[in-house]
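*Asks:* mind folding the following:
(2 chains)
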There are 2 protein chains.
Amino acid sequence: MKNKTSTMPSLKLRRVAIDTYKENVAYLHRDCLLYRTEGFQALSKIEIHRIGNGNPVIAVLNIVDDEIITAPDQLGLSEQVFQQLNLAEGTEVFISHASPPSSLKSVHLKIAGERLSYDAYHKIIQDIVNNRYSKIEITAFLVGCAESGMERDEILSLTRAMVNTGERLDWGEDLVSDKHCIGGIPGNRTTMLIVPIVAAHGMLIPKTSSRAITSPAGTADTMEVLANVNQSQQKLRKMVHQQRAFIVWGGTANLAPADDILIAVERPLSMDSTGQMVASILSKKVAAGATHLLIDIPIGKTAKVRNSTEGQKLRKTFQYVGDKIGLHIEVVLTNGSQPIGRGIGPVLETIDVMKVLENDPEAPHDLREKSLQLAGRIIEFDFDVRGGQGYEIARDILESGRALEKMNAIINSQGRNLVLPELGKLQHQIVASKDGFIEAIDNLKIARIARLAGAPMDKSAGIYLNKKVGDNVKKGEVLFTIYAQFNADFKFAIAAADKEPSYSIQSELNHD
Amino acid sequence: MKNKTSTMPSLKLRRVAIDTYKENVAYLHRDCLLYRTEGFQALSKIEIHRIGNGNPVIAVLNIVDDEIITAPDQLGLSEQVFQQLNLAEGTEVFISHASPPSSLKSVHLKIAGERLSYDAYHKIIQDIVNNRYSKIEITAFLVGCAESGMERDEILSLTRAMVNTGERLDWGEDLVSDKHCIGGIPGNRTTMLIVPIVAAHGMLIPKTSSRAITSPAGTADTMEVLANVNQSQQKLRKMVHQQRAFIVWGGTANLAPADDILIAVERPLSMDSTGQMVASILSKKVAAGATHLLIDIPIGKTAKVRNSTEGQKLRKTFQYVGDKIGLHIEVVLTNGSQPIGRGIGPVLETIDVMKVLENDPEAPHDLREKSLQLAGRIIEFDFDVRGGQGYEIARDILESGRALEKMNAIINSQGRNLVLPELGKLQHQIVASKDGFIEAIDNLKIARIARLAGAPMDKSAGIYLNKKVGDNVKKGEVLFTIYAQFNADFKFAIAAADKEPSYSIQSELNHD
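*Replies:* Residues are numbered from 1 along each chain as shown, chains lettered A, B, ... in the order given. Coordinates of the predicted model:
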């Protein structure tokens, strides 16, 4: 490489303010001498060399015909590459053709159906974290894993590799509890109840949560209605000592960074293979310092897991990888036949959560019960708690007001939002087309309508479920209410709600 | 969709002079109201709607922070999308979230190992041709096909789908001959000999060739040394009548356009699955109007096909698909143990070709013999030629000077280059390290060195093989010569040649 770069003309760095999201893209002018003589092509990968030392940075090439973006003597870099290279604009760099990352051979083996070793997974994940893979190559890896499937040992290897290529938090305690739900159920905001209950019991539960990707709200989106969810590492350590808990967004720490890059491809592709899901969840938890983890797998016709056979299989995989990697795991299969609580969308969910904490008689019973069950299971991780006693301890904490007190302390510590956003001013009610009782509510359809209404970007948007499964209903009675802030969102959500019913109503006649 | 777009603010089209090569990319400013309220994300796909009628165009979104590239009230479009939409800058358009193409469901089924119908392949290829697939989705399709493999019927379906989603030429004759080599052998420029021989026999052989993708020269690159290879459809029809032949670049016609898009992903990924290769070759040939096709499969340790078992399997697949699609196919397994001829790179290969045509005693014997063999097989497609007579007819045509005459007529008709490029002025000789005989020459290494020297972008660059397999050699004698035009290329090629020997020399001692 030295022979090559030392004789090639240099290019001046130019920052191009384009966010290419998790893919390194560089821009070269079509009249650049190097483009013509070196046979670079659009989409080919190049290495960018600093003068002197340092590893080259890899980027995919786009060709530019406008000097306003990149001039013939410049090398344009999208935001992410520019930050990675960390040099001033105008700095001279050299470029050369990039060889494919050596770990790509293992990807081809995986595509051919072979089983990969830990070493192979580690090299692949290392290259991905170092931005040596293009989106095309990452897709090949993911599809290769999805198609021939991953043995349990491979899922373990992938999990380990993802933990080992990022930072790892250590809270200095033997029992660090955590919980995770595999998702898919709107309104399922149990974390904001479990964390204060468990922390009020005195256990450590440092909770890093995600924002919504395809759902109407993630825990971080909803918690953000009440408090600041972006916290420094230093602040998190202080909260652990003072409150035994926090509820923050996990995206700022460099925990299992490969996971975020893989998700950037999985999301647009709607890929959700078991191996990737298990490795994604467990690597984040281990990196976040958890020692004991409760996993919630909702089962239902419109949930991610459709039946308990699938759920049991997934449970075993979680347990296998957890045991090998030193994470104590309990898996609970829960009822995923309809949304949990009544509110869907950040503000509406916050209202539900606060009602439960305040022991309001109007609080949604299902959210309260599920949260107490799960909190009880986590409390039983406590070596001093007898099996079966967790639920009662959790209920006592909630009913005594200690959970509310703890939640307020957490909110104050993270920084309370003094002005809460109001509910969306545009409201529309969807009513029953006939008499009967509610037989089912479709999680997917309800989530879609809430997103169309604006959740989670618009915190005040979402859905309130006036009726839930088992309720009786008369023709013309309200089933659910759509809330929105913007007219366009509002109309689109109503159109979607009108198009396909998300409630199934069974006539009383057939009921008996 | 109407509900949505009619209430959303419009954006003004802006052309962004970035060539994103076969992928539609649109740019939105981070401060654009739509970006914030609609929850668009980088890498998410959007639909671009014209006011009034017309199908929406799909593009992948990049987010921009610089008004020089795209302002908050604009929608930036990379070159390819801009051309596709075919509207003036400043035109108002609407955008909305794009649903995944419906054919993506079939891709997920293929990844899960299922067999797809013709209908499924047709819908996938149609969506790919209409730029509804992102690079990520195309990769998922290719890896899915590579991994679970494709049944012969599926390869047939894919071939048909690729033909039916592009233009198809019809030469109005019952016998339209063509040839194709699956590639991998440097210097293998038989086409430029076969075409004039076959045309001199009076048969129709309208030859569309490719440019090099990973090799030091494609036939179109080498023919371009002598004549213009970019011709209009009208001109091609005229040449067919006057010369019975042409040798042009096939990239201008819209033949099996899906193939070019798939190759844009296969190339950086180094994917080359049998199913994709067969469909790619045969769809192009059928679309180009061929009725009779000769396929050259070189077999050798450093060729694409390593042994004759593999070669036979590939032959059967070609035959199966050819028969079903109505293309008469003959497959010849040839010797791929070393490069063909002496020159590698456009100018050096042209010299070899002209020497053979001129019956120069210095002409490379192997190139001459192979071309006569293959031309003979094509001549036997002629209903009036007895089996086994083709070779002699071809030899007569070559030795009589009629092949040279026909080649000159073809060159003149396409437009002769009056000034031929000279050989690269930088020259370096690689010499033998010991006495012995040449046991093998590595096709892959020789190709790589020739590309590093500048071929095919630099037509005068390449390699001349002074020794070939079986030749005796003394220590210090020249094995091959590197030619280059640019100093950087020259040094890099020499470094690669020095690093790993591409010639294996066997000592005389062990020879007997």
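
*Asks:* let me see the backbone angles for the residue nearest the centre of chain A.
*Replies:* The residue lying closest to the centre of chain A (Cα atoms, centre = their mean) is A:Ser210, at 4.4 Å. Per-residue torsions, A:Ser210: phi -100, psi 160 (degrees, to the nearest 10).

*Asks:* need the contact list for it.
*Replies:* Taking Cβ atoms under 8 Å, 6 or more residues apart in numbering or on different chains, we find A:Ser210 in contact with A:Gly218, A:Thr219, A:Ala220, A:Trp249, A:Gly250, A:Gly251. In short, each C-beta sits where N, CA and C put it, glycine included.

*Asks:* what pLDDT is listed against it?
*Replies:* Listed pLDDT for A:Ser210 reads 86.

*Asks:* next: A:Glu508.
*Replies:* 69.

*Asks:* next: A:Gly113.
*Replies:* 86.

*Asks:* doesn't B:Gly149 make contact with it?
*Replies:* No. Judged on Cβ atoms under 8 Å, A:Gly113 makes no contact with B:Gly149 at a distance of 9.5 Å.

*Asks:* list residues touching both of these two?
*Replies:* Counting by Cβ under 8 Å, 6+ apart, nothing touches both A:Gly113 and B:Gly149.

*Asks:* what's across from A:Leu293 in the sheet?
*Replies:* Going by DSSP bridges, A:Leu293 is paired in beta bridges with A:Asp178, A:Ile329.

*Asks:* which stretches of the stretch 201-350 of chain A form helices?
*Replies:* Applying DSSP state H, counting those that start in this stretch to the stretch 201-350 of chain A gives helices spanning A:219-226, A:233-243, A:257-269, A:274-287, A:308-325, A:346-357.

*Asks:* for A:Gly300, which of the ones you listed is the nearest?
*Replies:* helix A:308-325 (10.2 Å; Cβ to Cβ).

*Asks:* quick one, what contacts A:Gln231?
*Replies:* Shown in contact with A:Gln231 (Cβ under 8 Å, 6+ apart): A:Met239, A:Phe246, A:Val248, A:Thr252, A:Gln414.

*Asks:* determine which two of these are furthest apart.
*Replies:* Maximum distance among the contacts of A:Gln231 (Cβ to Cβ): 14.4 Å, for A:Met239 and A:Thr252.

*Asks:* looking only at neighbour counts, state which of the two leads.
*Replies:* A count of neighbours by other Cβ atoms under 10 Å in any protein chain shown puts A:Met239 above the other of A:Met239 and A:Thr252, at 21 against 14.

*Asks:* name the nearest residue to the more buried one, sequence neighbours excluded.
*Replies:* In space, and not counting its chain neighbours, A:Met239 is closest to A:Phe246: 4.5 Å by Cβ to Cβ, 6 or more residues apart in numbering or on different chains.

*Asks:* the one you found reaches A:Ser413, doesn't it?
*Replies:* Yes. Checked against Cβ under 8 Å, the pair A:Phe246 and A:Ser413 is within contact range at 7.3 Å.

*Asks:* joint contacts of those two?
*Replies:* A:Met239.

*Asks:* so where's chain A uncertain?
*Replies:* A:1-8, A:36-39, A:41-43, A:53, A:508-512 (pLDDT under 70).

*Asks:* cutoff 50 now
*Replies:* A:1-7, A:511-512 (pLDDT under 50).

*Asks:* where does the record place the domain boundaries for it?
*Replies:* Recorded structural domains for chain A (assignment: automatic domain parsing) are A:2-97, A:177-414, A:426-510.

*Asks:* does chain B sit close to stretch A:111-131?
*Replies:* Yes. Counting by Cβ under 8 Å from any Cβ of the partner chain, chain B has neighbours in stretch A:111-131: A:Ile111, A:Ala112, A:Gly113.

*Asks:* save those as a markdown table, and put in neighbour count, secondary structure and distance to A:Ile138 too.
*Replies:* Output for the residues of stretch A:111-131 next to chain B, formatted as a markdown table (neighbours: other Cβ atoms under 10 Å in any protein chain shown; DSSP: H, G, I helix; E, B strand; the rest coil; distance: Cβ to Cβ, whole Å):
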| residue | neighbour count | secondary structure | distance to A:Ile138 |
| --- | --- | --- | --- |
| A:Ile111 | 24 | helix | 13 |
| A:Ala112 | 12 | coil | 18 |
| A:Gly113 | 13 | coil | 19 |
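
*Asks:* in TSV: the helices of the stretch 201-350 of chain A, plus distance to A:His122.
*Replies:* Output for those, formatted as TSV (distance: least, Cβ to Cβ, whole Å):
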stretch	distance to A:His122
helix A:219-226	30
helix A:233-243	26
helix A:257-269	10
helix A:274-287	12
helix A:308-325	14
helix A:346-357	38
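
*Asks:* which one of these lies closest to A:Tyr121?
*Replies:* helix A:274-287 (9.2 Å).

*Asks:* what about A:Tyr121, which helix or strand?
*Replies:* Assigned by DSSP states H and E, A:Tyr121 falls within helix A:118-129.
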